[in-house]
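# this is a predicted model, with the sequence first.
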Amino acid sequence: MMFLKKSFLLQLLLLLLFLLPTLMKAQSVTIKNNFFYVDGKKFFIKGIGYEAGAIPGKLPWERTFDPDLLRFDMRRITSAGFNTIRTWSAFTKQELDVLKEFNIKIIMGIWIDPKGNFSDETFVENAKTEVSNVLSYSKNYDNIIAYLIMNEPLPETIVKAGYDNTVALWKQLEDIIHTQHPYRPVSIANTSTGTFINPAVFDFDAYNVYPYNPVTVNYLFGYQNFIHYLTTLDISGHPLVITEYGLSVSPTGPGNWGYGGNSLSEQRKGDLYMYKSLVDGGASGSCIFNYSDGWWKGGNQYQHDDKPEEWFGLVGYNNLSDKYGEERPVWDAVKTFQSAIITQPQNGGLYLTKIPVEVFANDTIRQIEIMMDSQQVYQHSVDNNYLRDTLHFNISDVKVSHLIFNCYDSIHRLVKTETKTILVSKRELELPKIEINIENPNYWQDGFIKVHYHIVQSPPFTPSSQLETIFYPHVGFNYGEKYQWSLPQSGQSDFYFQYQLNPDVNVVTLGAAFDVDYQGFKKRIIGHLLLSRINTISTDVYSPNRRQTSIQIVPNPVKSSFKVTNSGIVSSPSFRYSIFTSSGVPVMKSLTSSWSQPIHITELKPGIYYIRIYAGNESLAPITKKIVKLGVQY
């Protein structure tokens, strides 16, 4: 009997030893502090979109297995410093076996029709079956670090199905993946028009963002500020990945970074601009669109049509028989740029005298040098492809600083240089601001909306002469409307506008912006408001203005603590909140409180702060309130 027990224990021990590597691998991808961590190491996604089989004369969904071509493409991709590929549909088991040979991670798409009827039982069951079929084999591949279960669903499709039904579909697909492939985060590839969708539904935030559309990106925010805006939509500590960005070099089109018609030089300059901007905007990774041109996208895979969608590739094909392609000038430019991704400091950022430094380097980069005013202010070696440190400034008040990062290889050859312009101050600076008020609370019923912009200037920042405003109905890929107005150079000013709300409009963004200058340092001041009735379209009771006015900060200004009160519009007994500085830096994140329970901010310095409150239905947009901590002029 004792022998049997020992034999059983020995077998159990051997089984655990056999399973241990698998169990450890299953936990190799985690999400925390707005980043992916792979095998315990902070991971910046240097990604590229890749469609297997999308070569001239072929349709990607009818491809035959070509391991030699897949290996060629992966050797090229990894040699350029990319560490991740993003797909729109799933790799086959054979393809995944080949990809295991390479040091490349995968954000794998599973194609669920974004124009489908998300409320239809048959559609839902088919989607679940598709995901289950893919997961039956993909769950065995640890190089898959995340899944995307849909690409670019539009507001009108969600309205037709109902927001709750849409979220229910996504959640069911997430649950399948979480069960079959544990520790692998799931999201959708959202768009700039889908900002009404609560990102907390997913494990990480993913958006396709292009510089030419819509008006919110192209005109109101600008690319970097829009990326930063996306980071503020989710207070859960999720990473933000820009899953598409790029430019088309089709023979005809508007060019100058528009949709198509860009020269090779414009593609190079524009793609680098977006890459740099998304890093400085706070994204934790990106996937440039696309590895190669897609001849099939115009409807005839046998010829390269003059359609912008066919010409986004960093690699172009010369003829119908060319399956390897030729690298465009943008390829080497991106390779050099991502040899060292400098996430901190962020270009255009406001900092106190301790400046964070963070660099994600490839194997080439061995040393980082920072120059300022023609003098070396910092030098450090790079260990294990990562550098994190703090740069200390000794200044009397406020200083515009141009930091030149020089990145060297093992024999001290300069590989990359990048300049970051920041504003450093000994005290918290109060920027000018734009306050927005809606004059008619029942705007959806009225069929129009009256908006009031209140502009408050703040020395020593000098404003531009123009106020730029937008009205953006989130319908399809509609661009939206933009306007310019003369802006007074000092004091306070008010602007009033009225916009029509057509019956097919269920989400709108209103916004105003202007630029300010301080000794050559430029900053964009933005005020915007997103209004949605999609989130509770079935009951048609959603009124952001009522929720906004029913929730108050008491007292305000604040000495040491305050309460968040609720007049009864929101039925939930508690809420989640985060507190940010006036420049958007989080100081208290993802906390929970009950209504009228004291929130203590004794440790915070006097100044202007903003509290972002998630209250009631988690699908609703958060509410942001200004807090004044006493001890500062306001």
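Cool, got the structure. Numbering: from 1, shown residues only.

# from here on, contacts and neighbour counts on C-alpha atoms
Will do.

# start to end distance for stretch 105-122?
One end of stretch 105-122 to the other measures 33 Å (CA to CA, to the nearest Å).

# for stretch 49-65, same thing?
Using CA to CA, one end of stretch 49-65 lies 19 Å from the other.

# buried ones in it?
In terms of neighbour count (16 or more other CA atoms under 10 Å), stretch 49-65 has its buried residues at 49, 50, 51, 52, 53, 54, 55, 56, 57, 58, 59, 60.

# nearest to residue 252, of those?
Of all those, residue 252 sits closest to residue 56, with 20.1 Å by CA to CA.

# check whether the closest one really touches residue 321, as I assumed.
Yes - with contact defined as CA atoms under 8 Å, residue 56 and residue 321 form a contacting pair (7.0 Å).

# contact partners for residue 374?
Counting by CA atoms under 8 Å, 6 or more residues apart in numbering, residue 374 touches no other residue.

# gap between it and residue 413?
Distance, residue 374 to residue 413, using CA to CA: 19 Å.

# look up phi and psi at residue 506.
Dihedral angles of residue 506 (phi, psi; degrees, to the nearest 10) stand at phi -120, psi -10.

# list the contacts of it.
Contact analysis of residue 506 by CA under 8 Å, 6+ apart lists 155, 473, 474, 532, 533, 534.

# again, only this time at 10 Å
Neighbour list for residue 506: 155-156, 159, 444, 473-475, 531-535, 537 [criterion: CA atoms under 10 Å, 6 or more residues apart in numbering].

# got it, and residue 352?
392, 393, 395, 398, 423, 424, 425, 426, 427, 428, 429.

# one more: residue 312?
Neighbouring residues of residue 312 by CA under 10 Å, 6+ apart: 245-250, 259-260, 262, 267, 288-294.

# where's residue 333, which helix or strand?
Using DSSP states H and E, residue 333 falls within helix 329-337.

# tell me which residue lies nearest the centroid of the chain.
The centroid of the chain falls nearest to residue 240 when counting by CA atoms, centre = their mean (3.7 Å).

# let me know whether that residue touches residue 283 as I believe.
Yes - the pair residue 240 and residue 283 passes the contact test of CA atoms under 10 Å, sitting 5.0 Å apart.

# shared neighbours of the two, anything?
Common neighbours of residue 240 and residue 283, using CA under 10 Å, 6+ apart, are 34, 35, 205, 206, 227, 228, 230, 231.

# closest to residue 129 out of those?
Distances from residue 129 to those, taken as CA to CA, are shortest for residue 206 (23.6 Å).

# which segments of the protein make up each domain?
As given by automatic domain parsing, the domain ranges for the chain are 43-317, 343-425, 429-532, 543-634.

# remind me which residues of this structure are low pLDDT?
Applying pLDDT under 70 to the chain flags the ranges 1-27, 536-550, 567-571, 582-584, 616-622, 631-634.

# in the stretch 51-200 of the chain, which spans are helices?
Using DSSP state H, counting those that start in this stretch, the helices of the stretch 51-200 of the chain run over residues 67-79, 93-99, 121-138, 155-161, 163-180.

# out of those helices, nearest to residue 406?
Checking the helices of the stretch 51-200 of the chain against residue 406 by CA to CA gives helix 67-79 as the closest, at 21.4 Å.

# now for the buried residues of stretch 49-65: which two are most distant?
Greatest spatial distance in the buried residues of stretch 49-65: 49 and 57, 19.6 Å, computed using CA to CA.

# count the neighbours of the nearest residue to residue 28 once chain neighbours are set aside for me.
What sits nearest to residue 28 in space, not counting adjacent residues and going by CA to CA, 6 or more residues apart in numbering, is residue 39, at 4.4 Å. Using other CA atoms under 10 Å, residue 39 has 14 neighbouring residues.

# isn't residue 39 right up against residue 30?
Yes - contact criterion CA under 10 Å: residue 39 and residue 30 qualify, at 8.3 Å.

# hey, where'd the strands end up in the stretch 101-250 of the chain?
Assigned by DSSP state E, counting those that start in this stretch, the strands in the stretch 101-250 of the chain fall at 105-109, 144-151, 186-191, 205-208, 240-244.

# dump those strands to a markdown table, plus distance to residue 123.
Output for those, formatted as a markdown table (distance: least, CA to CA, whole Å):
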| stretch | distance to residue 123 |
| --- | --- |
| strand 105-109 | 18 |
| strand 144-151 | 14 |
| strand 186-191 | 17 |
| strand 205-208 | 24 |
| strand 240-244 | 25 |
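
# closest one to residue 596 among the ones you listed?
In terms of CA to CA, the element of those nearest to residue 596 is strand 205-208, at 31.5 Å.

# which element follows that closest one toward the C-terminus?
helix 215.

# could you list every helix and strand that that next one packs against?
Secondary-structure packing of helix 215 (3 or more CA pairs under 10 Å, 6 or more residues apart in numbering; DSSP states H and E): strand 466-473.

# what residues sit buried inside the strand it packs on?
For strand 466-473, a neighbour-count test (16+ other CA under 10 Å) marks 466, 467, 468, 469, 470, 471, 472, 473 as buried.
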